[in-house]
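Asker: A structural model of the following input is requested.
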Amino acid sequence: MESKIEVVSTVKVQNSPDLYKIVDALNRTLKRDDLMFGLALDQDDKEIAVFTIYRT
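Answerer: Coordinates of the predicted model:
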């Protein structure tokens, strides 16, 4: 069984201490719709967070 993950959208936003809570809520709520959400710090600027939406 092959699992393919497709990037649907990526956006850079100002980092916030509670941003991960939104990503967690989205992952818990929308996983049954084959969506997954990711959050990472920008490699060049740690004040910027990279939010990515994936289709699984």
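Asker: helices of the chain, start to end?
Answerer: 19-30 (DSSP state H).
Asker: remind me which residues of it are low pLDDT?
Answerer: 1-2 (pLDDT under 70).
Asker: centroid-nearest residue for it?
Answerer: Centroid check for the chain by C-alpha atoms, centre = their mean gives Gly38 as the closest residue, at 2.2 Å.
Asker: any idea what that residue is bridged to?
Answerer: Gly38 forms beta bridges with Thr52, as assigned by DSSP bridges.
Asker: from what I can see it touches Thr52, true?
Answerer: Yes. Using C-beta atoms under 8 Å, Gly38 is in contact with Thr52, at 4.3 Å. C-beta here means a position set from N, CA and C on the backbone, and glycine is covered the same way.
Asker: these two touch, right, Leu35 and Tyr54?
Answerer: Yes. Counting by C-beta under 8 Å, Tyr54 is a contact partner of Leu35 at 7.0 Å.
Asker: so what's Arg32 up against?
Answerer: By C-beta atoms under 8 Å, 6 or more residues apart in numbering, the contact list for Arg32 is empty.
Asker: how near is the residue nearest to the centre of the chain to Asp45?
Answerer: Distance of Gly38 to Asp45, given as C-beta to C-beta, to the nearest Å: 18 Å.
Asker: so how many other residues sit close to Phe37?
Answerer: 19 (other C-beta atoms under 10 Å).
Asker: how about the contacts made by it?
Answerer: Contacts of Phe37 by C-beta under 8 Å, 6+ apart are 23, 26-27, 30, 51-54.
Asker: ok, and the closest non-adjacent residue to Asn27?
Answerer: Leaving aside its chain neighbours, Asn27 sits nearest to Phe37 (5.3 Å; criterion: C-beta to C-beta, 6 or more residues apart in numbering).
Asker: I meant Val8, not that one.
Answerer: Using C-beta to C-beta, 6+ apart, the nearest residue to Val8 is Ile53, at 4.4 Å.
Asker: tell me the contacts of that neighbour?
Answerer: By C-beta under 8 Å, 6+ apart, the neighbours of Ile53 are 7-10, 35-38.
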